[in-house]
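Visitor: build me a model from this:
(chains A and B)
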Amino acid sequence: MSVRRSIAYFPYFARISFRSRLGIFMTLIFPVVLILMFGAIFSNVGSSRVGLSVENLDQNSPSSQQFLAGLNATGVVSVSMVSVSAGNLSDYVAHNGLVAGLVIPQGFGASLANHSTVRLLLFTNPSSASAAGQVQGAVQGVSNGMNLRIAGGTDLVTYVNMNAGSHVYTYIDYLVPGLIGFSILVSPMMQMVNLSSTWKREKLFRQLSLTPLTRGEWLFATLLWYVVLAFVSTALMVGLGVLVFGAHVTITALALPFLIVGPVLFVSIGLLAGTVSKTPEAAAMIGNIITFPMMFLSGTFYPVSMFPSWVVPIAHLLPLYYLIDGLNQALLFGNTTAALTDLAIVIVLAVVIALAATHAFSWREERGEVFARGTAVHDGFQHTPAS
Amino acid sequence: MIRLASEIYQRRQKSKRDQSETSSSATGRGNGAGPRPSASSTPVIEVDHLEKSYGKVGAVNDISFTVHAGEVFSFLGPNGAGKSTTVEILEGLRHRSNGEVRVLGLDPWTRLDRLKPRIGVIPQDFHFFPKLTPREAVRLYARLFDCPIDVDELLARVELTDKADAHYDTLSGGQHQKVGVALSLVNDPEVCFLDEPTTGLDPRARRSIWDVIRRLRKEGRCVFLTTHYLDEAQVLSDRIAILNFGKIIATGTPDALISQFGRPERIRVVGDPALSDRLRPMGLPMSQRDGAVEVEMRSKNDALPILQAVSTSGLRWESFSTVNDSLEDVFIRLVGRVENNGTEPVGGEGVAS
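Guide: Predicted coordinates for the structure are as follows:
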């Protein structure tokens, strides 16, 4: 094994990978698009308000204005005023796909002043049951508050709302390690499956085998390239997560081994899949069968804790789960013990699969291909005139 | 017909004996390749009773030959004859089933690390990384072989200077092969294995590769060429081995093969088909095709009697010419009709006896 030859081959492999569109897309563009997209869609999940369309038929009364101000102050609903003919708010909510509509009846203020009962009409959309429940809670809460004040009562039971744990974790905090794991999975897997099967078909391994470069040196340079890519995509994900979405992620030394062992694991799986497949098409299929469940069930886009309980044991069978969990422990929670446990699991998997892949992957004596040629029909005789 | 078959069989047996001696040296020359220095007697490639099988299918069946330094040695045969399998065994890419193989005195399978720096290879269906340029390809090889070379000079030698910085996938078929040639020369090899280097190329590109091969020979390198282009083998080779069904069925210089396995010189008369009936009493082997009668001559002395018989026949005739077998004719006779029943040559095309 000559590291010199690995290093000599490395920049050329970098060019080969980088100049292929698939390589650039999978490595850089795809994860960036994902973090920007998911970040933009979900980063405000915790604080977003539910829309409430209000038809105020008692606009001039201070009480109705007070009630609306109370609703806004809950932070749960976002009030927007509508004006539809009386009694049609139900249809309006249903037809426009809104969550809820509230009618403040005429004489609302006067009734309160007379201490007589007044009925608000709340229409909720059954298709948004959970958001509608939040609106109901808000309307109920503001109504109770007004009743209490008018009756001259005092709040005896109060509460303070706090987040669980010592830090406040938002969706983007989980998304950053998830997408780092995603990059470490997808780019090496897809490219290695593709590379090992097409290089076999195009006989590029045979071509390399004619040089002093050995299989081990080739593999070392390839791994090195994907480790470099893992560091680059980690920098990108953390950078974008922190700068654009204010993620609370800290790069710690504990995260670094994951960025080395992760690529080793997925390069090996990709190499194994590409090597055992007879055609690049079959390889791509095997690659997808391995990649897709892992991509969605390992906590890439959502923390595994959010999954239904029956999915969790399945996630625990996927190698990517331990990589992402380890990155979460290292980057978010700073839990060394948990991170090291995950790391140990990833290392064992990486070593086992790397050994299997190295065993299966040979670039001399390709049996099937020769056999086909050995039985060829004698019809290939050609002749062109001599000069 | 039977007579001819047995004659060819006897010749083949003789050729087998010659072949097993593995000491034949290049005495003859191909046509048109210009003056060549005679090959040195140093054996560069030694193959002794080589066999290779895949399961029960034998791809190479007990072949032996020796190639010397400075020699262009060609393997000629139809697809599936075992040419590439043999070459790949010599290159250390495949393991042999039986027999002995030495290239530059080394066993290619076990000592490939020692052999690689000394051999150059263009494999069959040569491909390279689509997004690397010829310049990058040559630089990569130079770094892997750890031999500093003048990249521009090497690219100029294979006429790739204009395309030095174009991605491989934008080059033509001929240029692809030239990249292969350039890569095979990076380490200044003593032996070059060229496995069907001109397959699929247009005539101009083929000739350009031929020039490179001639230059390799002039530089004193041993060139092992496989091809199924007969003209290529005839023009470039010092010696040729014809392979069929994994066996060497003939070996020698192009001229020797033609004189050994070709039919005797013939008089070809274009004219009335009934001419053959008038010529038959002469007792010479005859064939008839494309509106002409061909009569084999035992010696030059048969020419006049044949023409006299034609002239006095009173039948219509338009022209006559003498015909000699080419390497292609020899190849067809040895290989063309043996596909149905194994390795036994059964004769040439339409020969009457």
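
Visitor: what mean pLDDT would you report for stretch B:78-97?
Guide: Stretch B:78-97 carries an average pLDDT of 89.

Visitor: kindly list the longest strand within chain A.
Guide: Assignment by DSSP state E gives strand A:50-56 as the longest strand of chain A.

Visitor: can I get the very next helix or strand once past it in CSV, CA atoms only?
Guide: Toward the C-terminal end, the helix or strand that comes next after strand A:50-56 (DSSP states H and E) is helix A:62-73. Below are the C-alpha coordinates for helix A:62-73, written out as CSV (Å, rounded to 0.1, in the frame of the first residue of the first chain):
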residue,chain,number,x,y,z
PRO,A,62,-65.2,48.9,22.5
SER,A,63,-65.9,45.5,24.0
SER,A,64,-65.7,43.7,20.7
GLN,A,65,-62.4,45.5,19.9
GLN,A,66,-61.2,44.4,23.4
PHE,A,67,-62.2,40.8,22.7
LEU,A,68,-60.3,40.8,19.4
ALA,A,69,-57.2,42.4,21.1
GLY,A,70,-57.5,39.6,23.7
LEU,A,71,-57.5,36.9,20.9
ASN,A,72,-54.4,38.5,19.3
ALA,A,73,-52.7,38.6,22.6
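
Visitor: can you point out the buried residues in helix A:62-73?
Guide: A:Ser63, A:Ser64, A:Phe67, A:Leu68, A:Gly70, A:Leu71 (16 or more other C-beta atoms under 10 Å in any protein chain shown). Using the backbone N, CA and C atoms, a C-beta is placed for each residue, glycine as well.

Visitor: how about the strands of the stretch 51-200 of chain A, start to end?
Guide: Here the stretch 51-200 of chain A has its strands, by DSSP state E, counting those that start in this stretch, at A:77-81, A:100-104, A:121-124.

Visitor: distance to A:Ala94 for these - can I get that in a markdown table?
Guide: Listed next are the strands of the stretch 51-200 of chain A as a markdown table, based on distance: least, C-beta to C-beta, whole Å:
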| stretch | distance to A:Ala94 |
| --- | --- |
| strand A:77-81 | 17 |
| strand A:100-104 | 9 |
| strand A:121-124 | 8 |
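
Visitor: pick the most deeply packed of those.
Guide: For the strands of the stretch 51-200 of chain A, the largest average neighbour count (mean count of other C-beta atoms under 10 Å in any protein chain shown) is found in strand A:100-104, namely a mean of 25.

Visitor: now the strands for the stretch 151-300 of chain B?
Guide: Taking DSSP E, counting those that start in this stretch to define them, one finds strands in the stretch 151-300 of chain B at B:191-195, B:222-227, B:239-244, B:247-252, B:266-271, B:286-289, B:292-296.

Visitor: just say helix, strand or coil for the most centrally placed residue in chain A.
Guide: For chain A, A:Phe301 is the residue whose C-alpha lies nearest the centre (C-alpha atoms, centre = their mean; 2.3 Å). Following DSSP: H, G, I helix; E, B strand; the rest coil, the label given to A:Phe301 is coil.

Visitor: contact residues of the stretch 101-250 of chain A facing chain B?
Guide: Within reach of chain B by C-beta under 8 Å from any C-beta of the partner chain, the stretch 101-250 of chain A has these residues: A:Glu202, A:Lys203, A:Leu204, A:Arg206, A:Gln207, A:Ser209, A:Leu210, A:Thr211, A:Pro212, A:Leu213.

Visitor: so where is the chain shaky, pLDDT-wise?
Guide: Went with chain A since none was named. Under the criterion pLDDT under 70, the flagged ranges of chain A are A:43-48, A:85-87, A:161-168, A:364-387.

Visitor: hmm, I had chain B in mind actually
Guide: B:1-41, B:336-353.

Visitor: what ranges do the helices span in it?
Guide: In chain B, the helices defined using DSSP state H lie at B:2-21, B:83-90, B:112-115, B:134-145, B:151-157, B:173-185, B:203-218, B:230-236, B:254-261, B:275-279, B:303-312, B:327-331.

Visitor: got CSV for these, with distance to A:Ala100 and mean neighbour count too?
Guide: Output for the helices of chain B, formatted as CSV (distance: least, C-beta to C-beta, whole Å; neighbours: other C-beta atoms under 10 Å in any protein chain shown):
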stretch, distance to A:Ala100, mean neighbour count
helix B:2-21, 96, 14
helix B:83-90, 76, 25
helix B:112-115, 77, 16
helix B:134-145, 64, 22
helix B:151-157, 74, 16
helix B:173-185, 69, 23
helix B:203-218, 76, 17
helix B:230-236, 85, 25
helix B:254-261, 95, 21
helix B:275-279, 107, 17
helix B:303-312, 112, 14
helix B:327-331, 90, 23
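
Visitor: now these as CSV including distance to A:Tyr171?
Guide: Shown next, in CSV, are the helices of chain B (distance: least, C-beta to C-beta, whole Å):
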stretch, distance to A:Tyr171
helix B:2-21, 78
helix B:83-90, 57
helix B:112-115, 55
helix B:134-145, 45
helix B:151-157, 53
helix B:173-185, 51
helix B:203-218, 60
helix B:230-236, 68
helix B:254-261, 78
helix B:275-279, 95
helix B:303-312, 100
helix B:327-331, 74
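
Visitor: and those: which comes nearest A:Gly287?
Guide: Of all the helices of chain B, it is helix B:134-145 that lies closest to A:Gly287, at 27.3 Å by C-beta to C-beta.

Visitor: ok, and what's touching that closest one?
Guide: Helix B:134-145 is contacted from outside by A:5, A:8-9, A:12, A:15, A:211-213, B:117, B:128-129, B:132, B:148-149, B:151, B:154-155, B:160, B:163-166, B:168, B:171, B:175, B:178-179, B:182-183, B:186-187, using C-beta atoms under 8 Å, 6 or more residues apart in numbering or on different chains.
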